[in-house]
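Visitor: this one's sequence-less:
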């Protein structure tokens, strides 16, 4: 464990070329697919002065390698450029939208873990019985469902048919949004002590979270089931039972911790999948997250925003992988970093 | 020690494991009950009258011009509308998109405006009157007295000057509408930043700039603003309706004007004289407008009256299915609907697509006249006669296309009512192709039809065109791009290259002025002329038509231009779209009233809208 700080620092340093590489590829691709970005940004109604202004502002007459150098230099100093469609700094736009996605993804990860791991454990204990079959059918249905379809069905059922949950948005317009501290409205409401806003934002968070959870909980269930099956066959579980400890106690106290290791490591993969799924879910529920922002940026060929968002996603995946590796080492003392 | 499996020696699980489980379960149950109770008591419905977020009474206001008695008005005058996209900025000088204008049009006001749907008359709004000099080169506006911005700052002529030149100095996309037809040079950011007093009055040192006769806009005093034109500008009003007036003092207190840059504060905080104020904008989610408690009441004639609505909530819902679900379930009272979904929604659950008449949104398909073989007149003639207009109208637009053609849309000066889309005649088309050296389409290179993926009807149009042209032996390859990518491709690929779209769908909407369509689409090199059409005679006719105040002469010149363009077969005209708000179709719940169509407004003017019980 004393090597942990060294490991973390080493991984962070190694992630810098990864992120720069992602930025370069995205920058290149964005410039190729948007041949005349200024026209794409300002639309039909424009004049030569406006075109010239945008061209100079974004160095579009400079060679591509020079434009990229400008960009990297800006990134290093915290200037991620100005969004041509909103006229605001890209970084502050990401700061505005990203917390909503983090909130959605975190809620989905927690829910997926809470539902998936115990289900997997139960399925393992009831291996090949009806319970096991039922749980496997459940997670296969979830994993196989297109997220868009699952979202629309949930929206129709709970928002339009039963009318017990709101169909879109993050907060009711009759409630003042809480002061922005984290950017995550549920947490900000709690920090502000505004219980009405807290429960309202929880209401709004529920459907998109469930829709996103359907996408991923199966991952945890399946992995938890297989790892629990492996643990159940171990000698130390048999020994615990032989010592007089009950079945439940043996499993929970001695088996679960070991069985938890693979699901924890899959968190990084899950976060990546959830970020991708969020693009679709946010579109259906009008959730003002980075997914919605990215879709709009792509539709308006807004490459400064597209590159900025891609960088954030890349950083997110790198960091979540790092967290998973560290968690693995913490959970299993046999692992050496 | 030996253990025998007898009841007396039966092994038991340690007590503490079971007790712990029970304790945890009990705690969880208690927490859930407590949370539910807290939710029940805390989330009680709000009181029917004003909340802490509103400053105005929720009592409906009855317009003196309204024929609806106040007893039929709903007590809750909060309207929820679903728009398709969120605005990038709420500063009209920075953002020229419809999504932005649709909101700022309810908060900010121009000098003059149309009387709702009446395109024939313009009325003074922030101006109390105007005069045009005999030579047509000077338009003088007198400012209306006693109007303040929603923050209490006074409106005057200097604010008009500031708003126009600020847009020009910032050089963002919104500058286009402020500077159309005007040469807004001669004023710098430093000059503008001198107008920073709370009374919006300039220091003496700024007066030489304000009265410089070389400038396009001069302000001799606080009540008078003068526009100077290089040539007669008959369509000036059509552009001036977009010139929204902002509060100089508010902007100067929050970053001021910087050459070539937008103002981050102004992007988020429009301060205007309009019937509504911006209460909340949760970016990407919704914005909430409140009735302006200090609103001056509008110029009368039911133009921008004091609203009956106390609040408008505009959700930004990009997903069509969600917008439909919202309007059908009653979660929204107004929703934008894709063209392809009209028949599914119209008439369901009391939702209607209102009959608002023929809009001045004009749809057409330019042919790339620089690209081989479309650069051959006979080929273009063959193409236009091969396309079944009636099929496009019925299948794609549900019969909502008003057939029209020419350089000027329906209802405007110079519109030629006798000019219709080309006849569908595949036999004539085949004959023309043979004459042009492509019998049965043999040897005809494939054409590309690029449609906009963010406008679903354009893909349908493309498919109809592809099928129709295939019948005469012409292969059309379809390609989908977002509208912004399509525009980018139009201007990055040379018109005579195969990378440039051979065919595409475009529509234009805006003020009901002929030059707003004719010049951009048909004049050589102009911003909407994406098919590279060029005819010096047409250029001259259009310039003359747009710079004469003689309406009869102007109409004649536009018609002459229309004849030339029509006979060049360079555009496949679809016509004007009926029942179409400037950018999309809107459907309304049956209890929504008072809305009207005006192409210059960009979305909905909520000042005239009200809800009945």
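Guide: Received the coordinates, thanks. All of these numbers come straight from a predicted model, not from anything done at the bench.
Visitor: Okay, and residue B:360 sits in which element?
Guide: strand B:358-366 (DSSP states H and E).
Visitor: no no, residue A:269
Guide: Going by DSSP H and E, residue A:269 is in helix A:267-285.
Visitor: Moving C-terminal from that helix, which element do we reach first?
Guide: helix A:290-299.
Visitor: anything in the helix or strand that comes right after that next one near chain B?
Guide: Downstream of helix A:290-299, the first helix or strand assigned by DSSP H and E is helix A:303-331. No. Among the residues of helix A:303-331, none lie within reach of chain B under C-beta under 8 Å from any C-beta of the partner chain; the closest is 10.2 Å away. Every C-beta, even on glycine, is put in place using the N, C-alpha and C of the backbone.
Visitor: Can you check what angle separates helix A:303-331 from helix A:290-299?
Guide: Counting by axes from the mean of the first three to the mean of the last three C-alpha atoms, to 10 degrees, helix A:303-331 points 150 degrees away from the direction of helix A:290-299.
Visitor: Dead centre of chain B: give me the residue that sits there.
Guide: residue B:98 (2.6 Å; C-alpha atoms, centre = their mean).
Visitor: about what we covered before: got the buried residues for the helix holding residue A:269?
Guide: A:267-275, A:277-285 (16 or more other C-beta atoms under 10 Å in any protein chain shown).
Visitor: Could you do stretch B:487-494 as well?
Guide: Across stretch B:487-494, burial judged by 16+ other C-beta under 10 Å covers B:487-493.
Visitor: residues in contact with residue B:541?
Guide: Contact analysis of residue B:541 by C-beta atoms under 8 Å, 6 or more residues apart in numbering or on different chains lists B:557-558, B:560-561, B:564.
Visitor: quick one: secondary structure of it?
Guide: Under the three-state scheme (DSSP: H, G, I helix; E, B strand; the rest coil), the conformation of residue B:541 reads as helix.
Visitor: And for the closest residue in space to it that isn't next to it in sequence, the neighbour number?
Guide: Once flanking residues are discounted, residue B:541 sits nearest to residue B:561: 4.2 Å by C-beta to C-beta, 6 or more residues apart in numbering or on different chains. Residue neighbour count, defined by other C-beta atoms under 10 Å in any protein chain shown, stands at 29 for residue B:561.
Visitor: And residue B:561, how far from chain A?
Guide: Relative to chain A, residue B:561 is positioned 20 Å away (criterion: C-beta to the nearest C-beta, to the nearest Å).
Visitor: State the three-state secondary structure for that residue.
Guide: Residue B:561 is classified as helix under three-state DSSP.
Visitor: isn't residue B:158 right up against residue B:199?
Guide: No. Shown here, residue B:158 and residue B:199 do not form a contact pair, counting by C-beta atoms under 8 Å, at 9.5 Å.
Visitor: Of the two, give the one with the bigger neighbour count.
Guide: The neighbour comparison of residue B:158 against residue B:199 (other C-beta under 10 Å) goes to residue B:158, with 23 against 11.
Visitor: Please report how far the closest residue to chain A within the stretch 101-250 of chain B lies from residue B:206.
Guide: Going by C-beta to the nearest C-beta, chain A is nearest to residue B:171 of the stretch 101-250 of chain B, at 3.7 Å. Distance, residue B:171 to residue B:206, using C-beta to C-beta, to the nearest Å: 21 Å.
Visitor: Give me the more crowded residue out of these two.
Guide: Per other C-beta under 10 Å, whichever of residue B:171 and residue B:206 has more neighbours is residue B:171, with 24 against 20.
Visitor: so what's the more buried one closest to, chain neighbours aside?
Guide: residue A:53 (3.7 Å).
Visitor: Does the one you found lie in a helix or a strand, and which?
Guide: Going by DSSP H and E, residue A:53 is in helix A:48-57.
Visitor: So what's the model's average confidence on that helix?
Guide: Taken as a whole, helix A:48-57 has a mean pLDDT of 90.
Visitor: Now for residue 90, how many residues are close by?
Guide: By default, I'm working from chain A. There are 26 residues near residue A:90, going by other C-beta under 10 Å.
Visitor: To clarify, I was referring to chain B.
Guide: Residue B:90, neighbours per other C-beta under 10 Å, totals 23.
Visitor: just the one 4 residues further on next, same as before
Guide: For residue B:94, the count of nearby residues is 26 (other C-beta under 10 Å).
Visitor: my guess is it contacts residue A:88, does it?
Guide: No. Counting by C-beta under 8 Å, residue B:94 stays clear of residue A:88, with 9.4 Å between them.
Visitor: what's the overlap in contacts for the two?
Guide: B:262, B:267.
Visitor: just to revisit the earlier point, restricted to helices, list the buried residues of stretch B:487-494.
Guide: Members of those lying in helices (criterion: DSSP state H): B:487-492.
Visitor: Give me the most central residue, chain A.
Guide: residue A:275 (3.4 Å).
Visitor: Report the separation between that one and residue A:180.
Guide: 22 Å.
Visitor: ditto for residue A:21
Guide: For residue A:21, the distance to residue A:180 - C-beta to C-beta - is 33 Å.
Visitor: again with residue A:62
Guide: As judged by C-beta to C-beta, residue A:62 and residue A:180 stand 37 Å apart.
Visitor: same thing with residue B:510?
Guide: For residue B:510, the distance to residue A:180 equals 37 Å [C-beta to C-beta].
Visitor: Please say which of those two ends up with more neighbours.
Guide: residue B:510 (24 against 13).
Visitor: In the stretch 101-250 of chain A, what residue spans correspond to helices?
Guide: A:130-144, A:147-154, A:185-191, A:195-232, A:235-242, A:247-249 (DSSP state H, counting those that start in this stretch).
Visitor: whoops, the stretch 251-400 of chain B was the one
Guide: Assigned by DSSP H, counting those that start in this stretch, the helices in the stretch 251-400 of chain B fall at B:264-268, B:320-329, B:342-345, B:377-386, B:389-391.
Visitor: Kindly state which of those is positioned closest to chain A.
Guide: helix B:320-329 (4.2 Å).
Visitor: which helices and strands does that closest one pack with?
Guide: Helix B:320-329 sits against helix A:267-285, strand B:78-83, strand B:334-337, helix B:342-345, with contacts defined as 3 or more C-beta pairs under 8 Å, 6 or more residues apart in numbering or on different chains; DSSP states H and E.
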